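A.B. asks: Generate a structure from the sequence data that follows.
(chains A and B)
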Amino acid sequence: MSLLSVLETHPLIAWPALVIILLVLLYLARQQMHRMVKAFTRVAAQALRMASKSLILAEQRLKQRNREVLLASGALAVEKELEREFHRVDAVVKRDLQTYPAFHRSMSDLITRIDEDYRKSTEVPPSPPAWIAAIEAVAQVPNTDGGVAEILGEINRTLDKHHKSAMDEFRKASQERHATLNKMMPVWRKLSETLEQVGKTITGLFERSELITSKMDEYEQIRAGEDQAERRLSSSSLTQFFISGLVMLIAIGGAIINFNLIALPMSEMVGGGSYIGNFKTSNVAALVIILVEISMGLFLMESLRITHLFPVIGQLDDRMRKRMIWISFIILFTLAGVESALAFMRDRIAADMEALRQTLAGAEAVRTQVESVIPTAGQMVMGFVLPFALTFVAIPLESFIHSSRTVIGIALAWALRSGAFVLRLTGNIISHLGKAIIALYDLLIFPALWIEEKLHREPKPARQAASAHDDKPDSPHREEVHP
Amino acid sequence: MKKISLLLAGLVLMAGGCSDTTSHSKAVYMLLDTSGTYTRELDKAAAIINYLLGTLQPGDSLAVARIDTGSFSEKDIVQKMTFDGRPSVSNQQKRDFKDNIDKFVKTVKGAPYTDITGGILQAAEYLYETGAGRKVILVFSDMEEELAKGYVRDIPLQLQGIEVVALNVTKLRGDIMDPRKYMGRLEEWKKKVETGQGKWRVINDLERLERILE
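C.D. replies: Numbers count the residues shown, from 1 in each chain, chains lettered A, B, ... in the order given. Reported below is the predicted structural model:
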């Protein structure tokens, strides 16, 4: 007789008996069950906590590495800027201040000339009034025969004559002085211009020196590894990443238009029925042409030292670099010409296909081709210009690659931190779940526990101590994992 | 520079050399029923051929053949062509194809018997020879086979990888009286095609020609 048949035949006795047996068994297995649940949850929680810690450590290492890379790249960028500023200062000094001794000499000459002219222009003091004493002496002589009057009259005439002559001489001297002062005017002007020029140069140098000072401060901050510098560089990298990404998207749009311009006529060259894998050979060929154009653009930009993606090209000697510039430019120019021709061919093929479609549709030969040559010319110009426009992709590409290092580093650090948080959270949940399972277990066998409590009545303090002892391993201070 | 030249040469070789000319092309063989009164339906067939000419790409193949008393013959092929890979040449080929079909439709004379099985056997032979990736037989007919005395067509078809599409299957007078005949006829053809490992479809709505090559 199986257990099931007993349950079916005597349910009123069998079921309660079964429940009681189960309760007893569960009660007997309580300690072991508690230990097992605690052990499992503790192992899982600790494993997760360790994993979380390792992720945090990895995140910190990555963050440190990101910081080092960011500061190094920032320092390099500032060094380049400083170098450029110093070059500019050097150029200004060479261009303007190299001739300063000549300026100085010129100014000294001018000042000497002005000084001489100034001396020449000084006013001649009028002759002292010597006649007054003679007239007074003659006037004191008694006028007996009218001789004194005659003498005085003669003196008066002589005085008038002399005064007239003195006035003439004074006017002449004044004219000469004015002429000398007039001659000083252009010399003054020249001196003023020279000083202004020197002033401008000095002001420019002053502005440059202020810029250099600010850059030096920035450089020092970076070298010192200050948080402010890191934040600034990080923000700058993110901005660069998004801006260059936007420009790259625009360039991709241009490349797609370029592709559509040459894909159809390429089928005329490589055949429209052949495939490479799942792609039409003509499409692949068009794509290859565009990629080669972009590559040539990159080489051209590298050779011109506008971008620095390939240090090998930048380190080439000038003769080789110039050759490289010409070769890449000629290839680019040739490909642009080919594209222009393909764009022309595309226009013709499209018109022919449209005419065929109309014929097949039953319409009479209708002139669908637009009489104007503007669309054809437009396509040809686009075909020629787009390869050169794509050349400039190299600049945002370089920014994108450089800034993506920082952005990827930040994203990875964030992902590691999030992973660590999730692991810690899961560990905590498992730990508390274990406690919940124990509580649920006790709830299931509560009649047995109640009976146990009734049977083993102990003094309150002792029981509390025991329960405190029992609860100690479950204490949140021991078990809980604080994030 | 040497490395750059090598790279460019590699790309050119990749573009020109490693090409696959068979697996992506399509081959369509259209059988035109020229028996009895069905010749009046040939204008519709010409429209379908024009649609096919507009749809097929350079490198695809198209053949049009008539169904008459003994269709298992190259003589019944009205026009067959594998279009050139260059679009300009392909367009000219399509124009010539259309002109020939137009001439055929105007001058065709009704045949006394309808050897559909022979036509399908001939079509399968042609399609396998093209080596196309997708092979389609279009049967523009009422699917009522009538064989002349002495013609043996009780042979299993070999149509592995071929789709057979019955187009414009008109109802005959007897079908109108007893639709079971029509359904039985189509069912019989379906069984025959599927036994030969081919795929069977029926398209009677010629307003939706795009379903032919979908």
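
A.B. asks: mean confidence score for the helix or strand containing A:Ala229?
C.D. replies: For A:Ala229, the element it lies in under DSSP states H and E is helix A:227-270. Mean pLDDT, helix A:227-270: 89.

A.B. asks: need the next SSE after that helix, C-terminal direction.
C.D. replies: Taking DSSP H and E, what comes next after helix A:227-270 is strand A:275-276.

A.B. asks: ok, that next one near chain B or not?
C.D. replies: Yes - using CB under 8 Å from any CB of the partner chain, strand A:275-276 reaches chain B at A:Tyr275, A:Ile276. (Glycine included, C-beta is placed from N, CA and C.)

A.B. asks: what's the next helix or strand after that strand packed up against?
C.D. replies: Toward the C-terminus, strand A:275-276 is succeeded by strand A:279-280 as the next helix or strand (DSSP H and E). Under the contact criterion of 3 or more CB pairs under 8 Å, 6 or more residues apart in numbering or on different chains; DSSP states H and E, the helices and strands touching strand A:279-280 comprise an empty set.

A.B. asks: how about the residues of the stretch 201-350 of chain A near chain B?
C.D. replies: Proximity of the stretch 201-350 of chain A to chain B (CB under 8 Å from any CB) is limited to residues A:264, A:267-268, A:270-278, A:281, A:284-285, A:288, A:292, A:299, A:324, A:327, A:348-349.

A.B. asks: So which elements touch the one helix or strand A:Ala355 maps to?
C.D. replies: Assigned by DSSP H and E, A:Ala355 belongs to helix A:318-360. In terms of contacts (3+ CB pairs under 8 Å, 6+ apart), helix A:318-360 is packed against helix A:227-270, helix A:281-303, helix A:374-391, helix B:42-55, helix B:87-107.

A.B. asks: now the angle between helix A:227-270 and it, please.
C.D. replies: Angle of helix A:318-360 versus helix A:227-270, following axes from the mean of the first three to the mean of the last three CA atoms, to 10 degrees, is 50 degrees.

A.B. asks: State the mean pLDDT of helix A:318-360.
C.D. replies: Per-region confidence: helix A:318-360 scores 92 on mean pLDDT.

A.B. asks: Assign the one residue in chain B that gets nearest to chain A to helix, strand or coil.
C.D. replies: Chain B approaches chain A most closely through B:Gly59 (1.6 Å), counting by CB to the nearest CB. Assigned by DSSP: H, G, I helix; E, B strand; the rest coil, the conformation of B:Gly59 is coil.

A.B. asks: so what's the closest residue to it other than its chain neighbours up against?
C.D. replies: If the residues on either side of it in the chain are set aside, B:Gly59 comes closest to A:Gly273, at 1.6 Å by CB to CB, 6 or more residues apart in numbering or on different chains. Taking CB atoms under 8 Å, 6 or more residues apart in numbering or on different chains, we find A:Gly273 in contact with B:Thr21, B:His24, B:Ser25, B:Gln57, B:Pro58, B:Gly59, B:Asp60, B:Phe83, B:Gly85.

A.B. asks: so what's B:Met81 scoring on pLDDT?
C.D. replies: B:Met81 is assigned a predicted lDDT (pLDDT) of 93.

A.B. asks: That one bridge partners, please.
C.D. replies: B:Leu62 (DSSP bridges).

A.B. asks: Surely it touches B:Phe97?
C.D. replies: Yes - assessed by CB atoms under 8 Å, B:Met81 is found in contact with B:Phe97 at 5.7 Å.

A.B. asks: Please identify every residue contacting each of these two.
C.D. replies: With CB under 8 Å, 6+ apart as the test, B:Met81 and B:Phe97 both reach B:Leu62.

A.B. asks: Pick out whichever of these two has more residues nearby.
C.D. replies: B:Phe97 (24 against 18; other CB atoms under 10 Å in any protein chain shown).

A.B. asks: Next, the contact list for that one, please.
C.D. replies: Counting by CB under 8 Å, 6+ apart, B:Phe97 has contacts B:Ile49, B:Leu53, B:Leu62, B:Gln79, B:Met81.

A.B. asks: at 7 Å instead, please
C.D. replies: B:Leu53, B:Leu62, B:Gln79, B:Met81 (CB atoms under 7 Å, 6 or more residues apart in numbering or on different chains).

A.B. asks: so which pair among those is furthest apart in space?
C.D. replies: B:Leu53 and B:Gln79 (10.7 Å; CB to CB).

A.B. asks: Look up the closest residue to the most centrally placed residue in chain B, ignoring the ones flanking it.
C.D. replies: Most central in chain B under CA atoms, centre = their mean is B:Tyr29, positioned 2.1 Å from the mean C-alpha point. Nearest non-adjacent residue to B:Tyr29, counting by CB to CB, 6+ apart: B:Ala123, 3.9 Å away.

A.B. asks: ok, then the element right after the helix or strand hosting the one you found?
C.D. replies: B:Ala123 belongs to helix B:116-130 when assigned by DSSP H and E. Next along the chain after helix B:116-130, taking DSSP H and E as the criterion, comes strand B:134-140.

A.B. asks: And the spatially closest residue to A:Asn143 that is not a sequence neighbour, what's its pLDDT?
C.D. replies: Distances taken as CB to CB, 6+ apart put A:Ala149 closest to A:Asn143, at 6.0 Å, once the chain neighbours are dropped. Model confidence at A:Ala149, given as pLDDT, is 80.

A.B. asks: And for A:Ala149, the neighbour number?
C.D. replies: 11.
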